[in-house]
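1. Let's see this in three dimensions:
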Amino acid sequence: MRTSRSTPTRVAVRLAAAGSCVLLLTAGCGGGGDDATLAAAPAPTSAAPTSAEPTPTPTPTPTPTPTPTRAELPGGGTQVFPDHRLVGFSGAPGSAALGPMTGDLGAATDRLREQAEPYGDGRSVLPVFELIATTAHPKPGPNGTYATAADDETVQAYLDAARAAGGVLLLGIQPGTGDFLPAVQHYERWLVEPDVGVALDPEWAVDPGEVPGDVFGATTGAELDGVSAYLDGLVTEHRLPQKVMLYHQLHADIVSGVEALVDRPGVAVVKSVDGIGAAADKVGTYERVMAGTPSFVHAGFKLFYEEDTRSGPLMTPEEVLALDPQPEYVLYE
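-> Model prediction:
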C-alpha cells in the first residue's frame, strides 16, 4: 500500500502561504485601504526549491548458484538400460565356490572380458564385479545374524578392480537372520559412489531361529522396496547415476508380494533367475520365475560353470540371448 508523506520544506511553504492570505484579508477588511497600506503588507514568501526525488537503486540480480553436475556411469550416461547389458562374475576373497571373481582379480577381469564380449548385440557391455560382501553362515556371528560383512579393504580392492575394468561393483548381501535394509545401509560409504550397487540374495534371508543353508530363505516385495527407496534417496541426495538393485531368485516362492515393489527413477531393478542344471531345465525355471514379474523389473540370468556342466554343456551366449525376455544381466558363478 502506498503511504503519503510531506517533507518539512513543503509544510513551511504551506504555512507561509496561509499567513500571507490572512494579512491580505485583514487589509481588505479596513475598507478602501490605500496603496501604502497594501505595500506595507509583507510580500508572500517564495517557496524554497524542493530537491528531486531520489532515484531508486536497482535491486541487484543474484548470480544463480550452479547446479552440481550429476555423476555418470562408467563410459558415460546416467541410465543403466537400455544402452547397456550387464555381464558379471561373482566371487569373494579365498572362496572359489562363490564364483571366479577371486584370487588374482586382474586375471579374473581378463577372463570376464573374454566371456562378456559376445553379449554386446547392439549394446555396450558393462562389466559387473559381484562381490559377496555380506556372507551368511551356519553359526551366529558377532552380531547374532548368522552373517558377516566384508571389511573396507576387501570392498576397496574389488572397487578398484571394477574401475580398472570400466565396470561396476555390486555388493552381494546374504543377510542370514537379519533384514536386508540395515545390511545394505552398512555399506553406505560405498553406495554414495556412482559405480556401486547391490545384489540381494533372498535364498540366504531366513527367520530368527532358522539356520541359513538348512532352509531356503525368502523375502517380500515390500522388503525389497525398502532397499529401493533407500537407494533412490542416495541417488537424489548425491546426484548419482541410477543404482543397480539386483535380487536373485531360484524359484517363484522366494519372493512374495512382488506387487509392493515400486518403480523408482534412481534405481534399475533386476531379477536374476538362478536355476541350476541342464539347459532345458534352466530355461523352464527362467520362464516360471519371470512370469508375473513387474514390467519395470529387468531380466537377469545366472550360469554356473560347475553345477550346470554336470548335466550337460554350459549354455552359450547365443542361447542365453535367445531367451524370452532377453536377459539384460548375465552372471557367471
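2. Contacts only, for residue 163.
-> Residue 163 sits next to 74, 195 when contact means Cβ atoms under 8 Å, 6 or more residues apart in numbering. Any C-beta I mention is one placed from the backbone N, CA and C, and that applies to glycine too.
3. Mind telling me what element it is part of?
-> Using DSSP states H and E, the element containing residue 163 is helix 152-164.
4. now the next helix or strand after that helix: mean pLDDT?
-> Using DSSP H and E, the helix or strand that follows helix 152-164 towards the C-terminus is strand 168-173. Throughout strand 168-173, pLDDT has a mean value of 98.
5. Export strand 168-173 to CSV, keeping only CA atoms.
-> The C-alpha trace of strand 168-173 is given here as CSV (Å, rounded to 0.1, in the frame of the first residue of the first chain):
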residue,chain,number,x,y,z
VAL,A,168,30.5,-51.5,-11.7
LEU,A,169,30.7,-53.2,-8.3
LEU,A,170,27.6,-54.9,-6.8
LEU,A,171,27.7,-55.7,-3.1
GLY,A,172,26.1,-59.1,-2.6
ILE,A,173,24.0,-59.3,0.5
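6. Next up, the contacts around the residue lying closest to residue 308 once chain neighbours are set aside.
-> Spatially, and ignoring its direct neighbours in sequence, residue 308 is nearest to residue 314 (5.5 Å; Cβ to Cβ, 6 or more residues apart in numbering). With contact set as Cβ under 8 Å, 6+ apart, residue 314 has these partners: 303, 305, 308.
7. For the nearest residue to the first one once chain neighbours are set aside, give the beta-bridge partners.
-> It stands for residue 303. Leaving out its chain neighbours, the residue that sits closest to residue 303 by Cβ to Cβ, 6+ apart is residue 332, at 5.3 Å. Judged by DSSP bridges, the bridge partners of residue 332 are residue 89, residue 303.
8. Pull the contacting residues for residue 332.
-> So residue 332 contacts 87, 88, 89, 90, 99, 100, 112, 115, 302, 303, 304, 305 (Cβ under 8 Å, 6+ apart).
9. any low-confidence regions in the stretch 201-333 of the chain?
-> Across the stretch 201-333 of the chain, nothing is flagged by pLDDT under 70.
10. just the strands in it please.
-> With strands called from DSSP state E, counting those that start in this stretch, the stretch 201-333 of the chain shows them at 219-220, 243-249, 255-256, 267-273, 298-303, 329-332.
11. so where do the strands sit in the stretch 51-200 of the chain?
-> Here the stretch 51-200 of the chain has its strands, by DSSP E, counting those that start in this stretch, at 84-91, 124-136, 147-149, 168-173, 196-200.
12. Kindly reformat those strands as a markdown table and extend each row with distance to residue 326 and mean neighbour count.
-> What follows is those, written out as a markdown table (distance: least, Cβ to Cβ, whole Å; neighbours: other Cβ atoms under 10 Å):
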| stretch | distance to residue 326 | mean neighbour count |
| --- | --- | --- |
| strand 84-91 | 9 | 26 |
| strand 124-136 | 14 | 25 |
| strand 147-149 | 34 | 19 |
| strand 168-173 | 20 | 27 |
| strand 196-200 | 20 | 26 |
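13. Turn these into CSV, including distance to residue 288.
-> Formatted as CSV, the strands of the stretch 51-200 of the chain follow (distance: least, Cβ to Cβ, whole Å):
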stretch, distance to residue 288
strand 84-91, 23
strand 124-136, 23
strand 147-149, 29
strand 168-173, 24
strand 196-200, 20
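14. can you tell which of these is closest to residue 220?
-> With Cβ to Cβ as the measure, strand 196-200 is the member of the strands of the stretch 51-200 of the chain nearest residue 220 (11.8 Å).
15. burial of the closest residue to residue 319 other than its chain neighbours, as a residue count?
-> In this structure, residue 319 finds its nearest non-sequential neighbour in residue 279, 6.6 Å apart by Cβ to Cβ, 6+ apart. Other residues near residue 279 come to 17 when the count uses other Cβ atoms under 10 Å.
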